[in-house]
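Participant: A predicted structure for the sequence below; I have some questions about it.
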Amino acid sequence: MLPPQYPVGPEVAEGPLSVERRAQLIAVLESAPTALERALAGLTEAQLNTLYKNWTIRQIAHHLPDSHANAYIRFKLALTEDQPTIKPYMEDRWSALEDSRAGDVRTPLALMAGVHACWVRLLRSMSDADFARTYFHPESNATVRLDAALVDYAWHCRHHTGQILWLREQNGW
């Protein structure tokens, strides 16, 4: 069976968020490191090297903290500068590096836990006005509100963890 493009469903854009909705999304980010750790628990080296479309489970485990460390920095830039232009990165090249292709998954799990702990603390300190702040993404030529970025990254956690869980289910792991 071919892996689905969106194992947890496609991302759904949301307009300005209510305080309650933001709290729900922040809770997703808070629980994401534990959800990823559980999804990876007990997998063998061979299983970690199983492909989901174009990335292995191991590469997915490295991609999430790479992406979310960039996201955390993007939030801090947007909170401290007027509509900064963020630096995109080539995630496919990052995941092709040796640490992502062969590295121990405990290391990115620790990185993700640390980044998310800092990020969640920051998010919970933000005001309505803070969530309306923006950054400019030159790759997509788009101005991104921080509340929209929150929606994006909460989905991103669920999406990639969902890929691992789909593989586990399909393979009976």
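Facilitator: Sure thing, it's come through. Note that the coordinates shown come from a computational prediction; the quantities given were computed from them, not determined experimentally. Residues are numbered from 1 along each chain as shown.
Participant: before we move on, which element is residue 109 in?
Facilitator: For residue 109, the enclosing helix or strand under DSSP states H and E is helix 106-125.
Participant: contacting residues around that helix?
Facilitator: With contacts defined as C-beta atoms under 8 Å, 6 or more residues apart in numbering, helix 106-125 is touched by 22, 26, 29-30, 32-33, 36-37, 40, 61-62, 64-66, 68-69, 71-72, 75-76, 79, 99, 150. In this view, the C-beta of every residue, glycine as well, is placed from N, C-alpha and C.
Participant: Leaving out chain neighbours, which residue sits closest to residue 100?
Facilitator: residue 62 (3.8 Å; C-beta to C-beta, 6 or more residues apart in numbering).
Participant: Just say helix, strand or coil for that neighbour.
Facilitator: Of the three states, residue 62 takes helix under DSSP: H, G, I helix; E, B strand; the rest coil.
Participant: my read: it touches residue 99, true?
Facilitator: Yes: under the criterion of C-beta atoms under 8 Å, residue 62 makes contact with residue 99 at 6.7 Å.
Participant: who's more crowded, those two?
Facilitator: Ranked by neighbour count (other C-beta atoms under 10 Å), residue 62 and residue 99 place residue 62 first, with 25 against 14.
Participant: List the contacts of stretch 88-105.
Facilitator: With C-beta under 8 Å, 6+ apart, stretch 88-105 has contacts from 40, 48, 54-56, 58-59, 61-63, 66-67, 70, 107, 137-139.
Participant: Buried ones from the residues you listed, can you make that a ChimeraX selection?
Facilitator: Buried residues within the contacts of stretch 88-105, by 16 or more other C-beta atoms under 10 Å, are selected in ChimeraX with:
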select :40,48,55,56,58,59,61,62,63,66,67,70,137
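Participant: Let's see which of the contacts of stretch 88-105 end up in helices.
Facilitator: 40, 48, 58, 59, 61, 62, 63, 66, 67, 70, 107 (DSSP state H).
Participant: ok so, going back, among the contacts of helix 106-125, name the buried ones.
Facilitator: 22, 26, 29-30, 32-33, 36-37, 40, 61-62, 64-66, 68-69, 71-72, 75, 79, 150.
Participant: sorry, back to before: just name the closest of the ones in helices among the contacts of stretch 88-105 to residue 2, please.
Facilitator: Of all the ones in helices among the contacts of stretch 88-105, residue 2 sits closest to residue 59, with 18.6 Å by C-beta to C-beta.
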